[in-house]
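> From the sequence below, what's the structure:
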Amino acid sequence: MSERRTPERRSGRDGRLDELAFLHEIAQLATLARDWDELMHSIVDGTTVAMGVEVCSFYLADHERTRLTLAATNGLDRSQVGRVSLAWGQGITGRVAASRQPIAVIDVTKDERFSWVRGFDIEGLTAMLSVPLVWHDGVVGVLNVQTRDARRFEDGEIAFLQTIAALLAGIVEKGRLTAEVEARLAELTALDAARAELLSVVTHELRTPLSVVRVYVDLLGEAAATAAVGEPADWHDAAIEQLGRLDRLVDSILASVRGEGLTGLSRAPFDAVSAVDETVETLRLLLRPRPIRWERLPAPMIGVGDETRFRQVLEQLLENESKYAPSAEGVSIGIWRVGDEVQVYVTDDGPGVPIEDWESVFEPFVRIEGRGRSRGSGIGLFAGRRLMNAMGGRIFIEGNGFGGSRFVVALPAAH
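Numbering: from 1, shown residues only. From the prediction side, this is the model:
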C-alpha cells in the first residue's frame, strides 16, 4: 500500500477520492501479492490508515461456520494470528458473523457484548466497528477496526468498511477455491500415478507365472503325446495360443500406461477380414452362451496398420462383451468400407453405453457404474485407443440403430 494517506481521514471530495484509490489498490493486490500472508497484511495495514484507526483485524470463518480465527491484524500482536479464535456468536465479532449485520460501538468497555481475549486485546482501545464478509449469502469472515478514543462511526465510514469487506470476501473465496482445486489436483495426480505404477508392477510380475504355466503346458502336451497315438491333442495348441494372448495383453498394457512402444507399431497392409475371422473363432468359447452373428466376407478387405495390435484391440472389445453384454443375447460383429477407412464394429442386444459416456469410457481407470458395467480395471479401452491412434487408426462409439451402441475400430484403407 502507498503511504500517501495520513491517519486523519479527509472529508468531502478528497476523502472520496482517497477511498476509491484505496479500493483500487486492494483490487490490484489481489493479483500482485506474492502470497496470502502478504495480501492480508497489506489490506489490514492499508485499512488502518484509510479508516483513521489504530487497530484493524481480520477473522476468517471455518467451513462449518462455527468459529472465527484471526487471519491478520495491524495494531495487535501478530504472533497470535492463527491462534486467537472466537465461537460463532461470541463477542461483537461473533455476533456480527451470526447476524450478518455490522455493529458500531462507541465504547467497548461499557458494552457487555464485547468479549475480551486475554493476551491479545490491549487496554486503551475504546471504539469498535465490526462488519461481516458476505459471499453468496454466506459469511466468510469479519473485519474489525478499533480506536483509542471514543468515536461514533458515521454511516459513510460504515459503508466504506463494508465495501472493503465485500472486496476482501471475494479475495478470500477465490483463494480458498484455488487452494482446494490445487489440493484436489495434487491428490488426483498422485492417485493416477499410483494406479499407473501399480498396474505396471502387476503386469510386469505376470510374466514369471505366465512363463511357468507355459512350461507346464508344454510338459503336459509332451506327456499326452507320449501316452496317445497320433497327433498331440488340440487343447495344447489352444492353451499355448491363449498364453500368447496374455503375453501380448501384458505388452499392450505396459505400452499404454508407460507411453512406451507406441512409436514402433507397424503400418503395413493386411487383410482385416481374416484378422476379424480368426479373432472371432479364437474367442467363441469365451463368448458362450451368446450367439455370435458374424459372416466372413468372400473377398479380402485390406487395411493399413499393425495386425497384431489390431487383433489385440478386437480381443479387448470381445472380452468386454463377455463381461458386459446381457447373458444369452447375441453379439454382432461386422466389417465394411466407409470412405477411406475399413471399419469393424462390435455390438450386442443390450442398451449399450449411455451417450454421455461415449468419450469417458476411453479415459484411464474409468468404469461405467450401473447397467452391469462396473467390472474390469478401466484400462482396456484406454489402451485400445492409444494403440489404434499409434497405428494411424481410431476407435469410437456410435449408435447401432436399435437403441443401443456399438464400438467401431477403423483403419486407413489400402489404396
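> ok, how many other residues are close to Lys323?
Applying other Cβ atoms under 10 Å, we find 13 residues neighbouring Lys323. The way it works is simple: take the backbone N, C-alpha and C, and place the C-beta from them, glycine included.
> Leu168 versus Ile302, what's the distance?
According to Cβ to Cβ, to the nearest Å, Ile302 stands 68 Å off from Leu168.
> With neighbour numbers in mind, choose between these two.
In this view Ile302 and Leu168 are compared by other Cβ under 10 Å, and Leu168 has more residues nearby, 27 against 16.
> Look up how far Gly399 lies from the nearest residue to the more buried one once chain neighbours are set aside.
Nearest residue to Leu168 in three dimensions, chain neighbours excluded: Leu133, at 5.6 Å (Cβ to Cβ, 6 or more residues apart in numbering). Distance, Leu133 to Gly399, by Cβ to Cβ: 51 Å.
> Mind checking which of those two has more residues around it?
Comparing Leu133 with Gly399 by other Cβ under 10 Å, the one with more neighbours is Leu133, at 28 against 13.
> Contacts only, for the more buried one.
Taking Cβ atoms under 8 Å, 6 or more residues apart in numbering, we find Leu133 in contact with 61, 139-143, 165-166, 168-169, 172.
> Now with 7 Å, please.
Leu133 makes contact with 139-143, 165, 168-169, 172, according to Cβ atoms under 7 Å, 6 or more residues apart in numbering.
> ditto for Thr109
Under the criterion of Cβ under 7 Å, 6+ apart, the contact list for Thr109 reads Thr126.
> Same question for it, what's its three-state structure.
Secondary structure, DSSP: H, G, I helix; E, B strand; the rest coil: Thr109 is helix.
> Against Arg148, how distant is it?
12 Å.
> again, but for Pro132
Pro132 sits 24 Å away from Arg148, going by Cβ to Cβ.
> So between these two, which is more surrounded?
Comparing Pro132 with Arg148 by other Cβ under 10 Å, the one with more neighbours is Pro132, at 27 against 15.
> Among the contacts of Leu133, which ones are in helices?
Using DSSP state H, the members of the contacts of Leu133 that fall within helices are 165, 168-169, 172.
> and which of the residues you listed is nearest Ser85?
Closest approach to Ser85 among those (Cβ to Cβ): Val172, at 16.8 Å.
> what's the neighbour count on the closest one?
A count of nearby residues for Val172, using other Cβ under 10 Å, gives 22.
> just to revisit the earlier point, next, show the common contact partners of Thr109 and Arg148.
In terms of Cβ under 7 Å, 6+ apart, Thr109 and Arg148 are both contacted by the residues Thr126.
> need the helices for the stretch 51-200 of the chain, in chain order.
91-99, 155-205 (DSSP state H, counting those that start in this stretch).
> my bad, the stretch 251-400 of the chain
Assigned by DSSP H, counting those that start in this stretch, the helices in the stretch 251-400 of the chain fall at 272-287, 307-324, 380-390.
> name the helices or strands packed onto the first one?
Looking back up the chat, that one is helix 272-287. helix 307-324, strand 331-338, strand 341-348 (3 or more Cβ pairs under 7 Å, 6 or more residues apart in numbering; DSSP states H and E).
> Just the buried residues of the first one, please?
So that's helix 307-324. Judged by neighbour count using 16 or more other Cβ atoms under 10 Å, the buried positions of helix 307-324 are 307, 309-321, 324.
> Between helix 380-390 and that helix, find me the angle.
Here helix 307-324 runs at an angle of 160 degrees relative to helix 380-390 (axes from the mean of the first three to the mean of the last three Cα atoms, to 10 degrees).
> any low-confidence regions in the stretch 151-300 of the chain?
Residues of the stretch 151-300 of the chain meeting the criterion pLDDT under 70: 179, 194-212, 216, 224-236, 238, 245, 248-264.
> now the nearest residue to Glu241 once chain neighbours are set aside: how far from Leu318?
Nearest non-adjacent residue to Glu241, counting by Cβ to Cβ, 6+ apart: Thr282, 6.8 Å away. Using Cβ to Cβ, Thr282 is found at 9 Å from Leu318.
> again with Arg118
74 Å.
> now swap in Ile302 and tell me
Distance of Ile302 to Leu318, given as Cβ to Cβ: 22 Å.
> Next, count neighbours for Ala186.
Residues lying near Ala186 (other Cβ under 10 Å) number 10.
> Also Ser360?
By the criterion of other Cβ under 10 Å, Ser360 has 13 neighbours.
> That one and Val353, how far apart?
Between Ser360 and Val353 the computed distance is 9 Å (Cβ to Cβ).
> Val273 now?
Using Cβ to Cβ, Val273 is found at 26 Å from Val353.
> For beta bridges, what are the partners of the closest residue to Trp294 other than its chain neighbours?
Nearest residue to Trp294 in three dimensions, chain neighbours excluded: Ile333, at 4.4 Å (Cβ to Cβ, 6+ apart). For Ile333, the beta-bridge assignment (DSSP bridges) gives partners Val346.
> Could you pull up the residues touching Ile333?
Ile333 makes contacts with 276, 280, 292, 294, 346, as judged by Cβ under 7 Å, 6+ apart.
> Okay then, goodbye and thanks.
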